[in-house]
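Predicted model and sequence follow; I will ask about them next.
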Amino acid sequence: MFADTALITVKAGNGGNGLVSFHREKYVAAGGPDGGDGGHGGDIILTVDPQMTTLYDFRHKRNYKAGNGEDGKAKKCFGKNGESLYIKVPAGTLVKDAESGKIIADLKKAGDEFVAARGGKGGFGNTHFATPTRQVPKFAKPGQKTNERELILELKLLADVGLVGFPNVGKSTLLSAVSSARPKIANYHFTTLEPNLGVVNAGDAGNFVMADIPGIIEGANTGIGLGHEFLRHIERTRLLLHVVDVSGIEGRNPIEDFDIICEEMEKFNPELPKKPQIVIGNKVDIAYDDSVVKEFEETMKSRGYEVYMISAAAHKGTADLMKIVAGMLKEIPVPEFDVEEDNFESIKELGDNFRVEKRGDEYYVEGELILKIIGSTNFEDYESLQFFQNALRSNGIIKALEDAGIDEGDTVKMYDIEFDFVF
């Protein structure tokens, strides 16, 4: 099944914690610190797989997590780095940040990669904190934690030429007539339910890729019919072939049909109608009123369009048309999307906020600042406890407790930490 959009959640790996450890061996009563550093967390990396043609797999799996770094080990051994997670996507995938909607990557060809989230760094072991005056450090640094993020994946087909028009005007027939593609063809609307690609060989004029975009109908830009699902694929094409049924066998006015399709494209993206566009009058061999065909051709030319009359089913005029298209493509640059700098912060930075709340006879202190201080404290080490007390005072937590009316001996709770308050 073809799928061209997906919403996924990704999270890079957390860094491993540094270790508190001391060298121990026979005949060495008190060796120095030898706690190793934690390993780095794995990255989340999007990479193009040329064998993929759809985002359908992301309908079944939406959450992706890279490996966490291992904690440090004794004897100054580093923890193992977390395994990075490579997520395969098809060529032509745009990556958007779900929160801002900004395009942060355009993965167009095999080998293109984008690091969507970087893993946290591992924490230092206690070997880093040994000094001439502190030879037995009993604390280490925790590894960095990471944030998760949501990404929007949008697949825009990598086609040079896009066939647009109402359903049943002969787009699929034209594609099958000029390439080896074999789309489903029948005499009813919406035969084409998903885009089809075909490589067109225009002889000496060169080769190019042409996409048959499912038929657009009035109101497609608002989600009516199938058009809204596939209008995005026109955005990457360099040239549009606007196919119009000029036979009149369905009682439609070809000029009105042309205007409706152009209006739908403009409502979806104002830049689409500005693309180079060739108007194709199809089914001329079965036209019941030549005056309608003539009026259509003259009107399109008066608007400045190149107009060609063909019969895709009878292969009439198709070969010459493809040579003209190949020649025009040599002068049309490949469209580029504006990719903005990715400013996502993978690392979970704990802020300086905290709150003090009295519940019954106990005082609760919570917030990101408290988590940061607790995470850097070894409560079994005297020096580390001194750091904890100084951090509470220097960050205004002691004053906040006093302002809340705390008395000596009252119980203070900070998540899993509980102690009696002393002035």
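Yes, it's here. These figures come from a predicted structure and were not determined experimentally.

how about the helices in the stretch 151-300 of the chain?
171-178, 227-230, 254-268, 290-302 (DSSP state H, counting those that start in this stretch).

For Glu408, find the nearest of those helices.
Relative to Glu408, the nearest member of the helices of the stretch 151-300 of the chain by C-beta to C-beta is helix 227-230, separated by 68.4 Å. Backbone N, C-alpha and C define where each C-beta goes, glycine included.

Quick check: Val20 touching Lys138?
Yes - between Val20 and Lys138 there is a contact at 5.7 Å, judged by C-beta atoms under 8 Å.

Which one's more surrounded, the two?
Higher neighbour count among Val20 and Lys138: Val20, with 22 against 17, using other C-beta atoms under 10 Å.

Show me the common contact partners of Val20 and Lys138, please.
Shared contacts of Val20 and Lys138, defined by C-beta atoms under 8 Å, 6 or more residues apart in numbering, are found at Asn126, Asn378.

What residue spans form the domains of the protein?
1-155, 161-329, 355-420 (automatic domain parsing).

do you know which of these lies nearest Phe344?
That would be domain 1-155 among the domains of the chain, by C-beta to C-beta, at 5.7 Å.

starting at the chain centroid, how far to the closest one?
18 Å (C-alpha atoms, centre = their mean, to the nearest Å).

same question, stretch 328-336
The answer for stretch 328-336 is 26 Å, by C-alpha atoms, centre = their mean.

same deal with stretch 358-378?
37 Å.

Pull out the buried positions in it.
For stretch 358-378, the neighbour count (16 or more other C-beta atoms under 10 Å) marks 363-365, 367, 369-374, 376-378 as buried.

Quick check: which element contains the nearest residue to Gly203 once chain neighbours are set aside?
Closest residue to Gly203 apart from its sequence neighbours, by C-beta to C-beta, 6 or more residues apart in numbering: Lys323 at 6.8 Å. When elements are assigned from DSSP states H and E, Lys323 belongs to helix 318-329.

I'd like to know which of the domains of the chain is closest to Val339.
The nearest among these, by C-beta to C-beta, is domain 1-155 at 5.3 Å.

can you pull the contacts of Leu157?
Gly92, Pro195, Leu197, Ala211, His233, Arg236, Thr237.

which non-adjacent residue is nearest the fourth one?
Counting by C-beta to C-beta, 6+ apart, Ala211 lies nearest to Ala159, which is 3.6 Å off, once chain neighbours are set aside.

so that neighbour makes contact with Leu197?
Yes - at 6.1 Å, Ala159 counts as touching Leu197 under the criterion of C-beta under 8 Å.

Comparing those two, which residue is more hemmed in?
Taking other C-beta under 10 Å, Ala159 and Leu197 do not tie; Ala159 has more neighbours (25 against 17).

That one and Ala91: what is the separation?
11 Å (C-beta to C-beta, to the nearest Å).

so what sits against both of these two?
By C-beta under 8 Å, 6+ apart, no residue touches both Ala159 and Ala91.

of all the helices of the stretch 151-300 of the chain, which lies closest to Ala12?
helix 227-230 (31.9 Å).

So for that closest one, mean pLDDT?
Taken as a whole, helix 227-230 has a mean pLDDT of 57.

Then stretch 75-94?
Stretch 75-94 comes out at a mean pLDDT of 93.

Next, Glu83: secondary structure please.
coil (DSSP: H, G, I helix; E, B strand; the rest coil).

For it, give me phi and psi.
phi -80, psi 130 (degrees, to the nearest 10).

Please work out how many residues are found near the nearest residue to it once chain neighbours are set aside.
In this structure, Glu83 finds its nearest non-sequential neighbour in Gly67, 3.8 Å apart by C-beta to C-beta, 6+ apart. Counted with other C-beta under 10 Å, the neighbours of Gly67 add up to 19.

Of the helices of the stretch 151-300 of the chain, give the one that comes closest to Glu418.
helix 227-230 (57.1 Å).

Report pLDDT for Asp403.
91.

CSV for the domains of the chain, including distance to Glu341?
Output for the domains of the chain, formatted as CSV (distance: least, C-beta to C-beta, whole Å):
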stretch, distance to Glu341
domain 1-155, 8
domain 161-329, 21
domain 355-420, 26
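
related to what we said a few turns ago, okay, who's weakest in the contacts of Leu157 by pLDDT?
Within these, pLDDT is lowest for Pro195, at 72.

Count residues in the vicinity of that one, would you?
Neighbours of Pro195 (other C-beta under 10 Å): 22.

moving C-terminal of the helix holding Lys323, what's the next helix or strand?
Helix 318-329 is succeeded, C-terminally, by strand 355-359 (DSSP H and E).

strand partners of the next helix or strand after that following strand, parallel vs antiparallel please.
Per DSSP H and E, the first helix or strand lying C-terminal to strand 355-359 is strand 362-366. Partner strands and pairing direction for strand 362-366 (DSSP bridges) are strand 355-359 (antiparallel), strand 411-414 (parallel).

give the contact list for Gly38.
15-19, 69-72, 78-79, 122-123, 125, 142-143.

So for it, what's the nearest residue that isn't a sequence neighbour?
In space, Gly38 is closest to Gly16, 2.8 Å off (C-beta to C-beta, 6+ apart).
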